[in-house]
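Visitor: Pasting the sequence and the predicted model now:
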Amino acid sequence: MMNSTNRPGMNEMVNELKARFNVEEVTFVQDHEAHVDLHRKDLHEALTYMKQNGFRQLSAVTCIDWPNEKIFQLIFNIYDWSKGNRFIFRVKIDREEAMFTTITNIYGGAKYYEREVHEFFGVVFEGNDSALKQLFLEQWDDLPPLRKDFDSRAYSDRKYVKREYKTSFGEKGGEPFERN
Amino acid sequence: MKEIKLFLGPQHPGMHGNASVHMYVEGDIINKSRLVPGMLHRGFEKSMENRTWMNNIGLIPRVCVVEPDINEMCFAQGAEILNEVLVPEKAHYIRMLILELARISIHLMSLGGIGGPTGLYTAMYWAQADRDLLLDIFEAITGHRVYHMYIVPGGVRKDLPEGIEKLIIKTLDGIESRLPEYEDLIFNNPTMQSRMVGEIMLPAEVVWDLGVTGIGMRSATGEAYDLRKVNPYARYDQVEFDVPVATYSDAYTRMKLKMLEVYQSIRIIRQVLDGMPEGKPNVKISRGSALKWTVKEGQIYSAVESSRGEFGYYMVSDGGTSPYRVAVRGASYPQGLLGIEKYMPGTRIDDAPLWFDTMGICSPEIDR
């Protein structure tokens, strides 16, 4: 972890962000990669500003569940191909009321990333109605599966018939696997 | 004409992996289409949270079947940066060797794969035969043909076997000498040209709208946007290679760039073999059992250039023996989901399988 970097354009961008927005913390993980913790209200303006300044690609939107702090951390990963700089914006939202405003009007490509975050974490993106539809999980009737309090073992015990597997080894080379 | 609903896949020779496309067609023009993922039933991201860092090495290659090594590289690289592990020089070179061999193997698969939707099965047989020779090299180096589990945190699992350089050079010379025949078979073939030239366009605006990377991006924008050049990882800054680009992205151009990349990968591998440093191929990362290895608390996005574009892992560690969260950024996610919904309508039914093949879609990395 570094506190600064020598890469052209990175420090200027960070200073610019600090001057304009409510930046809580900046960490340089690699010399071309900065993680910026932002206040949730500033995210859309910050993304618009970044898009106008060369960061034309949205690489991914994802989410991390922190049940002890009772928050979800939303991750917005943007990249500037012409300079090779990457910024990762992180905002915290309340875990109980997991709501956020969509970013599809800034980065159109976010449509399906938001849908995935809704399906796996239950975060509702206001303004992206298609995000409420199911994508990967068919007829899911449990907690969103990537939340930390989702127990995959308990789910599979409840959902599927418990089968016992018996193996018997006969005298000559054994019999095939016997399934009950 | 009446609009009917048509399913393409998951059991279809033109479909790439465990996904299906629902299409509404009128005549043979697609009016509406969407990808239906969710048929892999693996749940990689959740499974990774339940395994130790080292156990995960056996799981992650499955995220992309044909090019598994990029997963190992992303994972190893991310964990090393978080833990401040310095990898020996030799390991970097071996990693480049493996990654480039994998790139050739997937490009060959893709060149041959175009035989399926177009009926040119000769290409498929040739390419699979050549790819098999590369799998022999993988087997000799790693012990496995498809999933290698070779690039691990700290370097690579074991050193190169003695005399492997000869086998690699011989195989690559053979493949390189046969590439002009592929060119005649696929690119100078009037039937193939009528299917590919000017078809399935990908304009630069669409690239930026969707977030397409890799060959799609380079064939439309004309810029050498390749992570190996823009943010070199391993030792890609020490080898010379060109990034083929174009400004007119139809199916033909994208396939052609794949073939040109095979030449560049061969060029990289020759330099890697010539400049292979002496020394150990890995460092010991933990004092006790590797299964109890912990990674320092932190978050990192570790990305590599796959054959389909930017492929990355967003990794979060809470200091424990297993990852707290790993989010996979599949290179074919943008074009696979949003691309099929927004830009596939308007093409013909018979172009749909060609669409997957030339856009480079790998469904397991969409459906993690």
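Guide: Here it is on my side, so go on.

Visitor: And the helices in chain A?
Guide: Assigned by DSSP state H, chain A shows helices spanning A:10-20, A:43-52, A:110-121, A:152-159.

Visitor: what's the most buried one of these?
Guide: For these, the largest average neighbour count (mean count of other C-beta atoms under 10 Å in any protein chain shown) is found in helix A:110-121, namely a mean of 24. Every C-beta, even on glycine, is put in place using the N, C-alpha and C of the backbone.

Visitor: What residues does chain A have near chain B?
Guide: Contacts of chain A with chain B, taken as C-beta under 8 Å from any C-beta of the partner chain, map to A:1, A:29-30, A:32-33, A:35, A:56-60, A:62, A:64-65, A:75, A:77, A:79, A:81-82, A:84, A:86, A:88, A:107-109, A:111-113, A:120, A:135-138, A:145-146, A:152.

Visitor: Name all residues that make contact with residue B:337.
Guide: A:112, B:35, B:37, B:366 (C-beta atoms under 8 Å, 6 or more residues apart in numbering or on different chains).

Visitor: count of neighbours near residue 96?
Guide: All of this is about chain A. Residues near residue A:96, counting by other C-beta atoms under 10 Å in any protein chain shown, number 7.

Visitor: hm, I was asking about chain B
Guide: Around residue B:96 there are 23 residues (other C-beta under 10 Å).

Visitor: Contacts only, for it.
Guide: B:234, B:235, B:236, B:239, B:268, B:272.

Visitor: Would you mind checking these for buried ones?
Guide: Among the contacts of residue B:96, those scoring as buried are B:234, B:235, B:236, B:239, B:268, B:272 (criterion: 16 or more other C-beta atoms under 10 Å in any protein chain shown).

Visitor: What helix or strand is the fifth one located in?
Guide: What it means is residue B:268. Element membership of residue B:268 [criterion: DSSP states H and E] is helix B:251-274.

Visitor: Strands of the chain, start to end?
Guide: No chain in the question, so chain A it is. A:23-30, A:33-38, A:57-66, A:71-80, A:85-94, A:99-101, A:124-126, A:165-166, A:178-179 (DSSP state E).

Visitor: my bad, the chain I had in mind was chain B
Guide: So, for chain B - with DSSP E - the strands run B:3-8, B:20-26, B:29-36, B:151-152, B:155-156, B:298-306, B:309-317, B:325-329.

Visitor: so which of the ones you listed gets nearest chain A?
Guide: strand B:325-329 (4.1 Å; C-beta to the nearest C-beta).

Visitor: Can you tell me the centre-most residue of chain A?
Guide: Geometric centre of chain A, nearest residue: residue A:62, 1.4 Å, by C-alpha atoms, centre = their mean.

Visitor: Which residues belonging to stretch B:255-272 are considered buried?
Guide: Using 16+ other C-beta under 10 Å as the burial criterion, the residues of stretch B:255-272 that qualify are B:255-262, B:264-272.

Visitor: what's the distance between that stretch and the middle of its chain?
Guide: 14 Å (C-alpha atoms, centre = their mean, to the nearest Å).

Visitor: which residues touch that stretch?
Guide: B:93, B:96-97, B:100-101, B:103-104, B:107-108, B:110-111, B:114, B:168-169, B:172, B:175-176, B:179, B:182-183, B:186-187, B:196, B:215, B:218-219, B:239-246, B:307, B:358.

Visitor: cool, and stretch A:109-125?
Guide: Stretch A:109-125 is contacted from outside by A:58, A:60-63, A:65, A:72, A:74, A:93, A:98-104, A:128, A:130-137, A:140, A:143-147, B:45, B:209-211, B:333-334, B:337-338, using C-beta under 8 Å, 6+ apart.

Visitor: ok, 6 Å please
Guide: A:58, A:61, A:63, A:98-100, A:102-104, A:128, A:131, A:135, A:144, A:146, B:210-211, B:334, B:337-338 (C-beta atoms under 6 Å, 6 or more residues apart in numbering or on different chains).

Visitor: and residue B:89, how many neighbours?
Guide: When counting by other C-beta under 10 Å, one arrives at 17 neighbours for residue B:89.

Visitor: contacting residues around it?
Guide: residue B:277.

Visitor: Need the pLDDT of it.
Guide: In this model, residue B:89 is scored at 95, pLDDT.

Visitor: roughly how far apart are it and chain A?
Guide: Going from residue B:89 to chain A by C-beta to the nearest C-beta, to the nearest Å gives 19 Å.

Visitor: Same question for residue B:216.
Guide: The spacing between residue B:216 and chain A, counted by C-beta to the nearest C-beta, is 12 Å.

Visitor: confidence score at that residue?
Guide: Predicted confidence (pLDDT) for residue B:216: 92.

Visitor: Find the residue closest to residue A:45 in space, skipping its chain neighbours.
Guide: Nearest residue to residue A:45, sequence neighbours excluded (C-beta to C-beta, 6 or more residues apart in numbering or on different chains): residue A:21, at 6.8 Å.

Visitor: The one you found touches residue A:44, doesn't it?
Guide: No - counting by C-beta atoms under 6 Å, residue A:21 stays clear of residue A:44, with 10.5 Å between them.

Visitor: Name the residues contacting each of the two.
Guide: By C-beta under 6 Å, 6+ apart, no residue touches both residue A:21 and residue A:44.

Visitor: Can you pull the residues of the stretch 151-300 of chain B lying near chain A?
Guide: When proximity is defined by C-beta under 6 Å from any C-beta of the partner chain, the stretch 151-300 of chain B lies next to chain A at B:208, B:209, B:210, B:211, B:225, B:230, B:231, B:300.

Visitor: between those residues, which is nearest residue A:160?
Guide: Using C-beta to C-beta, residue B:300 is the member of those that lies nearest residue A:160, at 36.0 Å.

Visitor: The closest one: neighbouring residues, count only.
Guide: Residue B:300 sits with 25 neighbouring residues when counted by other C-beta under 10 Å.

Visitor: I figured it was touching residue B:78, is that so?
Guide: Yes - counting by C-beta under 6 Å, residue B:300 does reach residue B:78; the two are 4.9 Å apart.

Visitor: which residues do these two both contact?
Guide: residue B:315.

Visitor: What residue in the stretch 1-150 of chain B comes nearest to chain A?
Guide: Closest point on the stretch 1-150 of chain B to chain A, by C-beta to the nearest C-beta, is residue B:38, at 3.8 Å.

Visitor: residues in contact with that residue?
Guide: Residues in contact with residue B:38 (C-beta under 6 Å, 6+ apart) are A:136, B:367.

Visitor: same thing with residue A:75?
Guide: By C-beta under 6 Å, 6+ apart, residue A:75 lies in contact with A:62, A:90.

Visitor: Please name the bridge partners of it.
Guide: Taking DSSP bridges as the rule, residue A:75 bridges to residue A:62, residue A:90.

Visitor: Repeat that for the one 10 residues further on.
Guide: Here residue A:85 shows beta-bridge partners residue A:80, assigned using DSSP bridges.
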